[in-house]
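**Q** With the input below, show me the fold.
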Amino acid sequence: MAGLPRCELCGARTAPLRCPGCRLTYYCDVSHQRTDWISIHGHICQLLLPVLGPQPCFHSEKDRKLGKEQLLRRQESLIAVALSTAQGFLWAEKPLEAIPAALQALRFSSRVFGPGSMQLVPIYLLLAEASTGTGRLRQAAKYLSQAQWIILQTPDCSAALQSKLHRGLGLFSVAEGNLDQALYHLANDVYLATAEFGLNSVEVSGGYFHMANIFFHQNKMDAANSLYTEVSSLWHDWLLSTLHRHQRALQAHVGASPFSEDEEGIEDGMTKAQREEGTRVLWAVLKVREEGPLHHPRETARVLHALAMIHYLGLDLAKAQEVGMKAFDLAKQLPQQDSLETIGHLLELINAQFSHTT
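**A** Just a heads-up that it's a prediction; the model follows:
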């Protein structure tokens, strides 16, 4: 029985169903086959054939070397697809769908890099986040322990990766209801992110944001307000700098006009992960500012301005215009209207881009 194929999703020994496409993966029942297909197998079914299928015979050392390099590239491509797919499901708040894709990334990463390599840590953290999101806290704890063990075995581990570990441990502690332990880990997250990226980096903001949420639910409004303000300030200032760099790049690209048909090809200085996190965090802070007891018009205007910038840079012009106008109208009501000019300039950019694309 040891030689029988296992279910791709749960590892069950009885797996009578085989994928008719690649004919390489097996499942214990139709529901697991469907789940795996929706999560990741539909993206990589044909990519598995040259990786897991029979390998060609090479007759020279040179050909063998080239074949190994090609196989490695294909495996790394599979890992990238699986990891980005899993991350996409998490961003879409679909943790259950993220798990099969993350497990696929883990399998190939273990094969390529080794079971104790640093490349596995982000995958374990992603699996822990997805497991926590589905209420599987015991499984999440196992993934976090695996990530922690690898980091402890690596003396030269970067502060950035240690920061991510502490954030994962902090969010897990929140799910367990151990808020003091959560604050401890999130404070370490902030400290390590600051050491790696600097005090005013957006990478620091995530730890502050989750700490603010804890204080908010503990009804410690002064602490929560201070941290939410820090979060929106970090993102606002960083997005303003990013917007200026983006505009300079556009001007250098097209000469006198800051707009061209090739704008989508101009780098905005943001990774997809930064855009997703910034959008999620800023909308959450806006909700607190507009609906909760921490209503401060100046801070609300700052968050709206930041959201308008992040949507503009992401080419979601309708949403950028909507929140930008709200920011402008609110800023006009403030005693100090120093942000009006900056918000007005952003609205001009948005309107000009609207005119260009219609």
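
**Q** Look at the nearest residue to Gln139 once chain neighbours are set aside and say how many residues are nearby.
**A** Ranked by C-beta to C-beta, 6 or more residues apart in numbering and with sequence neighbours excluded, the top spatial neighbour of Gln139 is Ser131, at 4.5 Å. C-beta here means a position set from N, CA and C on the backbone, and glycine is covered the same way. The number of residues packed near Ser131 is 25, by other C-beta atoms under 10 Å.

**Q** Once you drop chain neighbours, what's closest to Ala141?
**A** Leaving aside its sequence neighbours, Ala141 sits nearest to Phe172 (C-beta to C-beta, 6+ apart; 6.9 Å).

**Q** Not counting whichever strand or helix holds the one you found itself, show me its contacts.
**A** Counting by DSSP states H and E, the element that carries Phe172 is helix 159-176. Helix 159-176 has contacts (C-beta atoms under 8 Å, 6 or more residues apart in numbering) with 118, 121-122, 125, 128-129, 132, 137, 140-141, 144, 147-148, 151, 179, 181-186, 188-190, 192-193, 195-197, 203, 206-207, 210, 213-214.

**Q** In contact with Gln146, which residues?
**A** Gln146 sits next to 120, 124 when contact means C-beta under 8 Å, 6+ apart.

**Q** tell me the mean pLDDT for the strand or helix carrying it?
**A** Using DSSP H and E, Gln146 maps to helix 137-152. For helix 137-152, the mean pLDDT works out to 97.

**Q** Let me see the contact set for the closest residue to Met325 other than its chain neighbours.
**A** Closest residue to Met325 apart from its sequence neighbours, by C-beta to C-beta, 6+ apart: Leu347 at 7.0 Å. The neighbours of Leu347, taking C-beta under 8 Å, 6+ apart as the test, are 308, 321, 324-325, 328.

**Q** rerun that using 10 Å as the cut-off
**A** Leu347 is in contact with 308, 312, 320-321, 324-325, 327-328, counting by C-beta atoms under 10 Å, 6 or more residues apart in numbering.

**Q** One more: Lys272?
**A** Lys272 sits in contact with 84, 87-88, 91, 314, where contact means C-beta under 10 Å, 6+ apart.

**Q** can you check Gln87 too?
**A** The contact partners of Gln87, by C-beta under 10 Å, 6+ apart, come to 98, 101-102, 105, 122, 126, 129-130, 272-273, 276.

**Q** Then Ala82?
**A** Ala82 touches 39-41, 43-44, 47, 100-109, 123, counting by C-beta under 10 Å, 6+ apart.

**Q** What subset of the residues you listed is buried?
**A** 39-41, 43-44, 47, 100-106, 108-109, 123 (16 or more other C-beta atoms under 10 Å).

**Q** now, which of the residues you listed lie within helices?
**A** 43-44, 100-106, 108-109, 123 (DSSP state H).
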